[in-house]
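[1] only geometry, no sequence info:
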């Protein structure tokens, strides 16, 4: 039974969320449809460009993403602090990049004189826009509606393109965040449509590796190294550690390259308190074991209390997979 979004997103528990949108009736978003032989590969670029554009408008950072043949994964970070310091003009400017706005917001941008009553109405509208600009549901709506319109136009058809709602998982601690990011980045390798992270096009790991080679730029949430004083905004790990971890994990999960993880090469796992077996399970079966939230048992219990759930699937796995995190 569908759960209200308020029971899936609790910013008091975590600003990090894993979201998945799937095409209805297994329609092809991208790739090649084996039944018809038609290629939709170019649509991956649509999704990637739109997603990165939206992250430049919303106060929501993208940590990881993967554009697959009939679904899209994205790991998001909601930055409430940032949206609260934006001026009213900045809020309206950003909203108008996506939507027409109202007559009053258009007058406000032009610098027209407003009556006292119009100013009060405008203040309420700007407050609502400010809320929407850090709302995951609005970001996913602006992503999915745009892609659905473009795909239906290209297919010369009408009707629903995506499933009714996107799936959302709260990532409650560092182990859940990093393992989910790796799970997302390794999607093409698990699906056998790419051999290595650097050839996994239309994923965040491909973007990050490309920026290291200075062949492309990206607007993803940065890795900022180990926790320290005056910590800048970003993911509190080394990009080098993460890329090595994804690469090693990718080689292990391929059936023809079974291997063994050397702890000396991945200090990240040691810091998270995860064993090789725990890490491999998390990065290959993340969605299988967790539903609305993922994290250590204590974090899961807090999220459950804050969102009003009577029970949350994955509590048992939180004890075994994330017990040391």
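    Structure's in. What do you need? None of these values were measured; they are calculated from a predicted model.

[2] low-confidence ranges in the stretch 51-200 of the chain?
    Where the stretch 51-200 of the chain drops to pLDDT under 70, the residues are 158-159.

[3] just the helices in it please.
    Ranges of helices in the stretch 51-200 of the chain, per DSSP state H, counting those that start in this stretch, are 80-85, 88-96, 103-110, 116-132, 136-155, 174-185, 187-190.

[4] how about these in JSON lines, adding distance to residue 219 and mean neighbour count?
    The C-beta positions use only the backbone N, C-alpha and C, and glycine is treated the same way. Output for the helices of the stretch 51-200 of the chain, formatted as JSON lines (distance: least, Cβ to Cβ, whole Å; neighbours: other Cβ atoms under 10 Å):
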{"stretch": "helix 80-85", "distance to residue 219": "14", "mean neighbour count": "13"}
{"stretch": "helix 88-96", "distance to residue 219": "14", "mean neighbour count": "17"}
{"stretch": "helix 103-110", "distance to residue 219": "25", "mean neighbour count": "15"}
{"stretch": "helix 116-132", "distance to residue 219": "20", "mean neighbour count": "14"}
{"stretch": "helix 136-155", "distance to residue 219": "14", "mean neighbour count": "17"}
{"stretch": "helix 174-185", "distance to residue 219": "16", "mean neighbour count": "26"}
{"stretch": "helix 187-190", "distance to residue 219": "20", "mean neighbour count": "21"}
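
[5] could these go into a markdown table alongside distance to residue 201?
    Converted to a markdown table, the helices of the stretch 51-200 of the chain look like this (distance: least, Cβ to Cβ, whole Å):
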| stretch | distance to residue 201 |
| --- | --- |
| helix 80-85 | 30 |
| helix 88-96 | 29 |
| helix 103-110 | 38 |
| helix 116-132 | 31 |
| helix 136-155 | 17 |
| helix 174-185 | 12 |
| helix 187-190 | 8 |
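
[6] so for residue 279, which of these sits nearest?
    Closest to residue 279 of those is helix 174-185 (Cβ to Cβ; 6.7 Å).

[7] packing partners of the closest one?
    Applying 3 or more Cβ pairs under 8 Å, 6 or more residues apart in numbering; DSSP states H and E, one finds that helix 174-185 contacts strand 16-22, strand 60-67, strand 71-78, strand 167-171, helix 204-212, helix 239-253, helix 267-272, helix 276-289.

[8] worst average pLDDT in those?
    Among the helices and strands packed on helix 174-185, helix 267-272 carries the lowest mean pLDDT, a mean of 54.

[9] if you skip the residues just before and after it, what's nearest to residue 301?
    Spatial nearest neighbour of residue 301, chain neighbours left out: residue 315 (7.9 Å); criterion: Cβ to Cβ, 6 or more residues apart in numbering.

[10] show the pLDDT at the one you found.
    Looking at residue 315, its pLDDT is 78.

[11] gap between it and residue 281?
    In this view, residue 315 and residue 281 are 16 Å apart by Cβ to Cβ, to the nearest Å.

[12] who has more neighbours, the two?
    The residue with more neighbours, out of residue 315 and residue 281, is residue 281; 18 against 14, by other Cβ atoms under 10 Å.

[13] on that earlier part again, quick one: the residue nearest to residue 301 and residue 296 touch, right?
    No. The pair residue 315 / residue 296 is not scored as a contact, 10.6 Å apart, by Cβ atoms under 8 Å.

[14] neighbours of residue 305, how many?
    The number of residues packed near residue 305 is 11, by other Cβ under 10 Å.

[15] ok, now which ones touch the residue nearest to residue 301?
    Taking Cβ atoms under 8 Å, 6 or more residues apart in numbering, we find residue 315 in contact with 297, 300-301.

[16] gap between residue 233 and residue 55?
    Distance, residue 233 to residue 55, using Cβ to Cβ: 13 Å.

[17] with neighbour numbers in mind, choose between the two.
    Neighbour count, other Cβ under 10 Å: between residue 233 and residue 55, residue 55 has more, with 21 against 12.

[18] could you find the closest non-adjacent residue to that one?
    In space, residue 55 is closest to residue 62, 4.7 Å off (Cβ to Cβ, 6+ apart).

[19] and for that neighbour, the neighbour number?
    Neighbour count for residue 62, taken as other Cβ under 10 Å: 22.

[20] now do the contacts for it.
    If you count contacts by Cβ under 8 Å, 6+ apart, residue 62 has them with 51-52, 55, 74-77, 204, 219-221.

[21] could you tell me the phi and psi values at the residue of the chain positioned farthest from its centre?
    The outermost residue of the chain relative to its centre, with distances by Cα atoms, centre = their mean, is residue 115 at 41.5 Å. The phi and psi torsions at residue 115 (degrees, to the nearest 10) take the values phi -70, psi 170.

[22] spit out the contact partners of it.
    By Cβ under 8 Å, 6+ apart, no residues touch residue 115.

[23] surely residue 48 touches residue 202?
    Yes. Counting by Cβ under 8 Å, residue 48 does reach residue 202; the two are 5.0 Å apart.
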